[in-house]
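[1] got a sequence here, can you build the structure:
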Amino acid sequence: MCRWLTYTGSPIALEKLLYEPENSLIDQSLHARYGEETVNGDGFGIGYYGDGGVPPAVFKDTKPAWGDRNLRELARHVRSPLFMAHVRASSGTAIQQTNCHPFRYGSWLWMHNGAISEFGRLKRDLILAVAPDLFPVIEGSTDSEVMFFLALTLGLREDPPGAVERMAGLVERTARRHDVDNPLQMSLATSDGECLWSFRYSSDRRSRSLFHSANTQTLRHLHPEVFGTVDLSDNARLVVSEPLRDLPGLWVEVPESTYTVVRPNFFDMHAFSPATP
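    Numbers count the residues shown, from 1 in each chain. The predicted structure is shown next:
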């Protein structure tokens, strides 16, 4: 499907995670090891927050990430305390900028790996469940963006975990009406610029891979040769589709049907279950 990563902590240059690790996200765009597809070349996107409470910036293109010189230049010079990056393998929708992740609404970013099965059969019902004031803002044709605007409709800005649970429940109930089995496959991330949430869930309980990094103190203790001089704050944390480095103790798999919460000096995981709106 796709590969993605999120980072929160002290501001760092985007290239430190997009390009420098041996299994960087850019390398995964060509040689993914945990994904359904090896190549994720149907576009890319980055979304990053800065200072001053302004909405996040988003840069997207339909070209493969591995050959985009503008992305390389931007990643070298932009430093951010919270950013998301995504490389896309289309599940059937068009390869166009409006279908590239992350999606943005106000201060919120959203990106997704997975799919809604037989989305074409469910699309009308799901789109009509989006709030009327949000409907005109939908720009693309992906199931991922519809999931985002359903979550916004169902309270993402007030209660992110609850809204995603209600969105997942709505998708599954809609699928049952159309006799679609196991409709939802998702590992997704969303943020308001202050907090970062990630979710791992699928209707058949065989979800796409998701990992979070160990805390910085553990990294420096286990691998001082790598992290002893790396400019990471003590509260830095990554959530990724697949590990960026093969180092023991560096990555912890997010369990099936689980969501994570990351904010400064706080990390936690909770059980995830679709809910009734």
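
[2] ok, Pro274 touching Gly169?
    Yes: under the criterion of CB atoms under 8 Å, Pro274 makes contact with Gly169 at 3.7 Å. Where C-beta positions appear, they are placed from N, C-alpha and C, glycine not excepted.

[3] nearest residue to Asp268 in space, ignoring adjacent ones along the chain?
    Val261 (5.0 Å; CB to CB, 6 or more residues apart in numbering).

[4] SS state for that neighbour?
    Secondary structure, DSSP: H, G, I helix; E, B strand; the rest coil: Val261 is strand.

[5] bridging residues for Gly114?
    Gly114 has these beta-bridge partners by DSSP bridges: Met186.

[6] what number of residues lie near it?
    The number of residues packed around Gly114, counting by other CB atoms under 10 Å, is 22.

[7] that one reaches Leu188, doesn't it?
    Yes: the pair Gly114 / Leu188 is scored as a contact, 7.4 Å apart, by CB under 8 Å.

[8] in this structure, what helix or strand scores lowest on average pLDDT?
    Least confident element among the helices and strands of the chain, by mean pLDDT, DSSP states H and E: helix 224-227 (a mean of 54).

[9] which SSE is immediately downstream of that one?
    strand 237-240 (DSSP states H and E).

[10] strand partners (parallel or antiparallel) of the next helix or strand after that following strand?
    Using DSSP H and E, the helix or strand that follows strand 237-240 towards the C-terminus is strand 251-253. Sheet pairing of strand 251-253 (DSSP bridges) gives strand 211-213 (antiparallel).

[11] chain center to the strand it pairs with, what's the gap?
    Relative to the centre of its chain, strand 211-213 is centred 13 Å away, using CA atoms, centre = their mean, to the nearest Å.

[12] pLDDT averaged over that strand, what's the number?
    Mean pLDDT, strand 211-213: 91.

[13] and for Gly53, the neighbour number?
    Neighbour tally, Gly53, other CB under 10 Å: 9.

[14] can you name the residues bridging to the residue nearest to Asp268?
    Beta-bridge partners for Val261, by DSSP bridges, are Trp197, Asp268.

[15] how close does it get to Pro160?
    9 Å (CB to CB, to the nearest Å).

[16] give me the common contacts of those two.
    Here Val261 and Pro160 have Cys195, Trp197 as joint contacts, going by CB atoms under 8 Å, 6 or more residues apart in numbering.
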